[in-house]
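Trainee: turn this into a structure:
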Amino acid sequence: MLLATYTGHSLEAGLDEAGRGCLAGPVFAAAVILPLDFNPRFLNDSKQLTAKRRETLRPIICAEAVAWAVGQATVEEIERLNIAKASYLAMHRAVAALPIAPAHLLVDGNRFTSLLGFSHTCMIGGDALYRNIAAASILAKTFRDEHMQALAAAFPDYGWERNAGYPTPKHRAAIRAQGPSPHHRMGFRLL
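Mentor: The predicted structure is shown next:
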């Protein structure tokens with residue numbers, strides 16, 4: 001069973017990202033503050049859920065969260081900063097977009113760039129331990145997948161509607177055959 005918060009504070013925001021390991025597209029992050037009693041069935045790390053379960057949970061999280069926001073960092077920012085720093089930038093943007101200032105940030109992972117005015121705790125595997133991070137992982141993943149599906153309409157050869165930009169054999173074969181698109185991360189090993 002996932003825990004409500006790390007600090008016990010009702011305005012603790014969970015943060016997670018999606019798309020760090022992709023070959024194409026932006027990296028997305030979400031910040032979510034949940035009611036302490038929020039505990040819908042199947043809430044878990046987005047990687048442990050089917051796409052259908054993530055899509056079922058997303059509107060529940062959005063409707064019942066105290067506050068939530070999504071941020072992103074572009075392919076150009078990923079290229080300029082590196083993927084880790086771009087992930088932190090996306091998280092900072094998600095926090096900045098929250099309509100309520102969080103009392104604490106609970107960040108999935110082992111590193112985070114401090115955000116002025118906010119205390120934070122990093123938690124390896126936090127998306128499988130805390131509800132607020134699990135909710136953030138679901139929002140980051142579903143909003144990013146939706147974005148990649150929209151890009152797939154303009155760039156159908158890469159199969160982004162299925163692989164979301166991750167390095168599948170078919171995605172790499174399409175890069176080999178078509179060359180990279182403007183949405184590919186050229187600093188990554190594409191082939």
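Trainee: quick check: Ser87 touching Glu77?
Mentor: No: look at Ser87 against Glu77 with CB atoms under 8 Å: they stay out of range, at 10.1 Å. Yep, even glycine has a C-beta here, placed from its N, CA and C like the rest.
Trainee: between those two, which is the more surrounded one?
Mentor: The residue with the greater number of neighbours, taking Ser87 and Glu77 and applying other CB atoms under 10 Å, is Ser87; the counts read 27 against 17.
Trainee: so who does the more buried one touch?
Mentor: With contact set as CB atoms under 8 Å, 6 or more residues apart in numbering, Ser87 has these partners: Glu17, Arg20, Val27, Ala29, Ala73.
Trainee: again, but for Ala136
Mentor: For Ala136, the set of contacting residues under the criterion of CB under 8 Å, 6+ apart consists of Ala13, Gly14, Leu15, Asp16, Ala29, Ala30, Ala31, Val32, Trp68, Ala94, Asp108, Asp127.
Trainee: the residues you listed in helices, which ones?
Mentor: Taking DSSP state H as the definition of helices, the contacts of Ala136 contribute Ala94.
Trainee: just the buried residues from the contacts of Ala136, in ChimeraX please.
Mentor: Below is the selection syntax for ChimeraX that covers the buried ones among the contacts of Ala136, with 16 or more other CB atoms under 10 Å defining burial:
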select :13,14,15,16,29,30,31,32,68,94,108,127
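Trainee: I'd like the contacts of Ala136 laid out as JSON lines, including distance to Arg54 and pLDDT.
Mentor: JSON lines is the format used below for the contacts of Ala136 (distance: CB to CB, whole Å; pLDDT from 0 to 100):
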{"residue": "Ala13", "distance to Arg54": "20", "pLDDT": "98"}
{"residue": "Gly14", "distance to Arg54": "16", "pLDDT": "98"}
{"residue": "Leu15", "distance to Arg54": "17", "pLDDT": "98"}
{"residue": "Asp16", "distance to Arg54": "13", "pLDDT": "98"}
{"residue": "Ala29", "distance to Arg54": "16", "pLDDT": "98"}
{"residue": "Ala30", "distance to Arg54": "12", "pLDDT": "98"}
{"residue": "Ala31", "distance to Arg54": "17", "pLDDT": "98"}
{"residue": "Val32", "distance to Arg54": "14", "pLDDT": "98"}
{"residue": "Trp68", "distance to Arg54": "15", "pLDDT": "98"}
{"residue": "Ala94", "distance to Arg54": "17", "pLDDT": "98"}
{"residue": "Asp108", "distance to Arg54": "16", "pLDDT": "98"}
{"residue": "Asp127", "distance to Arg54": "12", "pLDDT": "97"}
